[in-house]
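Enquirer: here is my input, please return the structure:
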Amino acid sequence: LALIRIKAASVPFLALGDSNDIEIGQAVYSIGNPKGLQNTLQQGLVSGFQQFTGYRAVQVSASINPGNSGGPILDDQARVIAITKSKVPDSENLGFAVPINYVKGFLDSKTETPFAVFASGVRQALANAAKTAAPGPASGTETATGGIIGAVPSAAPIPPPAAIRAPATSDQLGLTFTTIQTFAGKDWKFDGEIPAIGAPLGKCFGVAQDKSGNIFATDTGNQAVVKIDPAGRMHILAGPASAPANRPNYPSGIVPGPSGTVYFTETGFRVRQILPGGEVVIVAGADKIGFSPDGALAAGSPIGFVQGIAIAKDGTVVFSEGGNNRVRRVDTQGRLQTIGGDGQARFAGDGGPAESASFSHPSGISYDRQGNLLIADQSNGRIRRVTPEGKISTIMGAGVTKHVPGCPSGVVANSKMEVFVADPCKRQIFIVRNGESAVYAGTGTGLKEPSGEGGPATGASFDQWGLAINEKDELLISGPDFGRIYR
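Expert: Okay, the predicted model is just below:
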């Protein structure tokens, strides 16, 4: 998403709304220049929410055509609540927009790029992508001509941390681990083993740590899976320089396996494993998005929009299939088996068997020390728990806890059975302890340059998506917006 700052005075402007308040069924309006027809106003409804790589999109029935992508979606008070982005090709009234809260944090940014440098960067990025980029998953959408260009390199350095905001102590549960630091991240260069604090990470969505102290991360922006050893040096396990068959394609979730193996998901269609020798093999999925029934051979059978991944106590691989609203596993015979979800995008089933319950775009998953499976039920704004016996319940969400996540993406538990939840919509990390929730980290002030490093985590401003717990019960956080790993 590119924002252009115009220095002018006494010009009309639109107020920004709060996209966290968007409700399905509410009236919305798009305005733009579709097909060159200037200032065309069209009315529609919010018809749903859909999860794309890295963000949750608003689905609208207001028409989106070439010429009005990048324009505002307005509520009935003429406040901007989203930015039009794309539509499903060869269809009517199936459009998508980026919630305005993703944009708000950039407004305070001191990082600016001259437009000439920006345009040059666009041209260079497109030229490089045409030569080297791996094909992305078939998303089933097209961006309308004249829209926003994303992932544009900036010539401006990351500014120094801003002043630390005092933490709100009234919302804490007697926490002692409350500081935050950047563990890895900088500009990407693909130059081999380098110190992790200067590591060239792009969009880091997944993070995990093994018992030997190695940290693993996925970098969707640079199509790579990396390892940070205990000495603090980064190694590329698989990336653009790997053999074509071993190159990751939009890697997302990650988890270390036995005997030096690493499992990762590719947003869209596959679960893959990196063997000790560097070969990357398919565990589940195919070269297209789809749905395959239980009992199908996992490797080679289409699956839909996988994100989270975990290893069960019996060693089987478990993953979230957000596109099919299920959580599944690959059994010991290499076949697909559903753990939870009936395929319907809704909230239902608490108190009963998980396989009969409903999820809406499940994202991050993990197991706690008692063998319970924790699931970030993203579009439902809940954290669900499946017991070893298969019974499901909500442990965080509306009607259960004080805090209700906006779009939870990561969930993990420490040795004390405290559950941590990453919420990129609210820009905070929550903790659930003994049924009570509290803010654990993040100011919740929107997306800004990372600030507050070395101080209380509740006073820090940073990005978050995936979570992991190491052997010291320290929390690891992946930050895709600024290419960092926090601890």
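Enquirer: now the helices for this protein?
Expert: Secondary structure of the chain (DSSP state H): helices at 101-104, 115-132.
Enquirer: list the buried residues of stretch 24-43.
Expert: Buried residues in stretch 24-43, counting neighbours by 16 or more other CB atoms under 10 Å, are found at 28, 29, 30, 31, 32, 34, 40, 42. For every residue, glycine as well, the C-beta is placed using N, CA and C.
Enquirer: ok, those residues vs residue 261, which is closest?
Expert: Ranking the buried residues of stretch 24-43 by separation from residue 261, with CB to CB as the measure, puts residue 28 on top at 47.0 Å.
Enquirer: surely the closest one meets residue 59?
Expert: No. If you go by CB atoms under 8 Å, residue 28 and residue 59 don't touch, sitting 10.6 Å apart.
Enquirer: shared neighbours of these two, which are they?
Expert: Residues touching both residue 28 and residue 59 (CB atoms under 8 Å, 6 or more residues apart in numbering): residue 46.
Enquirer: residue 453 and residue 460 touch, don't they?
Expert: Yes. Counting by CB under 8 Å, residue 460 is a contact partner of residue 453 at 6.9 Å.
Enquirer: longest strand of this structure?
Expert: strand 40-52 (DSSP state E).
Enquirer: neighbouring strands - and their directions - for that one?
Expert: Next to strand 40-52 in the sheet, as set by DSSP bridges, lie strand 27-32 (antiparallel), strand 55-60 (antiparallel).
Enquirer: tell me the gap between it and the middle of its chain.
Expert: Counting by CA atoms, centre = their mean, to the nearest Å, strand 40-52 is centred 21 Å from the centre of its parent chain.
Enquirer: report the contact partners of the closest residue to residue 357 other than its chain neighbours.
Expert: Once flanking residues are discounted, residue 357 sits nearest to residue 349: 2.6 Å by CB to CB, 6 or more residues apart in numbering. Applying CB under 8 Å, 6+ apart, one finds that residue 349 lies in contact with 342, 356, 357, 358, 392.
Enquirer: how near is residue 349 to residue 396?
Expert: Applying CB to CB, to the nearest Å, the value for residue 349 to residue 396 is 16 Å.
Enquirer: centroid-wise, who is the farthest residue in the protein?
Expert: residue 10 (38.4 Å; CA atoms, centre = their mean).
Enquirer: can you check the pLDDT for that residue?
Expert: Looking at residue 10, its pLDDT is 75.
Enquirer: for residue 417, same thing?
Expert: If you check residue 417, the pLDDT there is 96.
Enquirer: how about it: what's its closest non-neighbour residue?
Expert: Closest to residue 417 by CB to CB, 6+ apart is residue 368, at 6.2 Å.
Enquirer: how about that neighbour, phi and psi?
Expert: Main-chain dihedrals, residue 368, degrees, to the nearest 10: phi -90, psi -180.
Enquirer: okay, now it: neighbour count?
Expert: Residue 368: 18 surrounding residues under other CB atoms under 10 Å.
Enquirer: that one and residue 279: what is the separation?
Expert: Residue 368 sits 32 Å away from residue 279, going by CB to CB.
Enquirer: same question for residue 209.
Expert: For residue 209, the distance to residue 279 (CB to CB) stands at 23 Å.
Enquirer: what does residue 306 give?
Expert: In this view, residue 306 and residue 279 are 20 Å apart by CB to CB.
Enquirer: and stretch 220-240, how far from the chain's centre?
Expert: Its chain's C-alpha centre and that of stretch 220-240 lie 19 Å apart, by CA atoms, centre = their mean.
Enquirer: brilliant, that's me finished.
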